[in-house]
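Student: Sequence and computational prediction follow.
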Amino acid sequence: MIVVLKADATEEQIRQIQDKAESLGLKTHISRGQSKTVMGLIGPEDALRVVPLEVFPGVERVIPVLPPYKLVSREFQPEDTVIRITDDLAIGGKAVVVMAGPCSIESKEGLMTIARQVKESGATILRGGAFKPRTSPYDFQGLGEEGLRYLAEAGRTYGLATVTEVMDPRDVALVAGYVDILQIGARNMQNFSLLREVGKTRKPVMLKRGMSATIKEWLMSAEYILSNGNFQVMLCERGIRTYETATRNTLDINAVAVIKKLSHLPVIVDPSHATGYWDLVEAAARAGVAAGCDGLMVEVHDRPEEAMSDGPQSLKPANFARLMRSLSAIASAVSRAL
Ligand code: PEP
Ligand code: MN
């Protein structure tokens, strides 16, 4: 349930409503926008049939929320969420941000080389997996904490923010100590203990869409994170499973527009996992920006033929540079900057 407050509601009136809701066992979250202050109520709403909040001074109207997600909804927060990563880097504002780097962190030197190259081309966030969710237990599983150290060092050296996947609730504090953004991978989108754990931190989280998840399920997963107190969440469309076999996944470009309609959270597009082939990445990335995404995550490797994971979909640095040049025109065509 969403309570829209009157423009002149006093702090005391707001407190009164909050106290009442909390005494009925509901959790409250306040969103102070430029034009409106809104209170989201989570919990057993039936209690409000007995005590209708409409009668409280300061309340403009009460909106029952039909979709099961609340805190992530546009009704709760009409303005776009802007996640500040560093003083000069924000996600969800006018600029489209680009995260780039290898699928897996393989060595310090290798990561440093790729970090320098993506920085030169204009990326602002370095990606690299240290804990890898591999289909086969016999495949490279990542360097673990050693990889996190390399990622943090490469980020510092080249002035790049960092993002990496955390797979296990027990590793959340460790990973959060090294990077700027915690990535939840597609395979863990409904790992509710993990979602709760990252929800308890105050680190920005990038929640990738499960490979067979509906948009509603994806938003419900984001709701887990917000309802635990962490509102710094962005959603990443990385392609879904369909009957099509020509590509690794099918990029659901509709999802960008649907999320923008239903939610205030920033949307990232991952054209690498969405297509599975490096020569399709540019077209998918351009489509993402044209559709209104707030950022891209692109896999880049200087020697894709030797990559320990996802070589076939990794762009060589020169092709990444070309992609970045071609994106500026698309971004300005949709009133965004790169
Ligand atoms: C990745 O980003 O390397 C990754 C494993 O992505 P996804 O979870 O989308 O498959
Ligand atoms: Mn990958």
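Tutor: Structure received. Residues are numbered from 1 along each chain as shown. Ligands and ions are numbered 1, 2, ... in the order given.
Student: can you map out the strands along the protein?
Tutor: Shown for the chain, the strands assigned by DSSP state E span residues 2-5, 27-32, 37-42, 59-63, 83-86, 89-91, 97-101, 125-127, 161-165, 181-184, 205-208, 233-237, 267-269, 295-299.
Student: possible to save those strands as TSV with mean pLDDT and distance to ligand 1?
Tutor: Backbone N, C-alpha and C define where each C-beta goes, glycine included. Output for these, formatted as TSV (pLDDT from 0 to 100; distance: least, CB to the nearest ligand atom, whole Å):
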stretch	mean pLDDT	distance to ligand 1
strand 2-5	92	32
strand 27-32	91	28
strand 37-42	91	28
strand 59-63	91	34
strand 83-86	97	18
strand 89-91	98	16
strand 97-101	98	10
strand 125-127	98	7
strand 161-165	98	6
strand 181-184	98	7
strand 205-208	98	4
strand 233-237	99	7
strand 267-269	99	11
strand 295-299	98	7
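Student: would you turn those strands into CSV with mean neighbour count?
Tutor: Shown next, in CSV, are the strands of the chain (neighbours: other CB atoms under 10 Å):
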stretch, mean neighbour count
strand 2-5, 21
strand 27-32, 15
strand 37-42, 21
strand 59-63, 15
strand 83-86, 16
strand 89-91, 20
strand 97-101, 27
strand 125-127, 29
strand 161-165, 24
strand 181-184, 25
strand 205-208, 26
strand 233-237, 27
strand 267-269, 27
strand 295-299, 27
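Student: I'd like those laid out as CSV, including distance to ligand 2.
Tutor: Shown next, in CSV, are the strands of the chain (distance: least, CB to the ion, whole Å):
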stretch, distance to ligand 2
strand 2-5, 38
strand 27-32, 34
strand 37-42, 35
strand 59-63, 40
strand 83-86, 21
strand 89-91, 20
strand 97-101, 10
strand 125-127, 9
strand 161-165, 9
strand 181-184, 11
strand 205-208, 10
strand 233-237, 12
strand 267-269, 14
strand 295-299, 6
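Student: could I get those as JSON lines with distance to Lys316?
Tutor: Below are the strands of the chain laid out as JSON lines (distance: least, CB to CB, whole Å):
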{"stretch": "strand 2-5", "distance to Lys316": "48"}
{"stretch": "strand 27-32", "distance to Lys316": "44"}
{"stretch": "strand 37-42", "distance to Lys316": "46"}
{"stretch": "strand 59-63", "distance to Lys316": "51"}
{"stretch": "strand 83-86", "distance to Lys316": "27"}
{"stretch": "strand 89-91", "distance to Lys316": "25"}
{"stretch": "strand 97-101", "distance to Lys316": "12"}
{"stretch": "strand 125-127", "distance to Lys316": "16"}
{"stretch": "strand 161-165", "distance to Lys316": "21"}
{"stretch": "strand 181-184", "distance to Lys316": "23"}
{"stretch": "strand 205-208", "distance to Lys316": "24"}
{"stretch": "strand 233-237", "distance to Lys316": "23"}
{"stretch": "strand 267-269", "distance to Lys316": "20"}
{"stretch": "strand 295-299", "distance to Lys316": "11"}
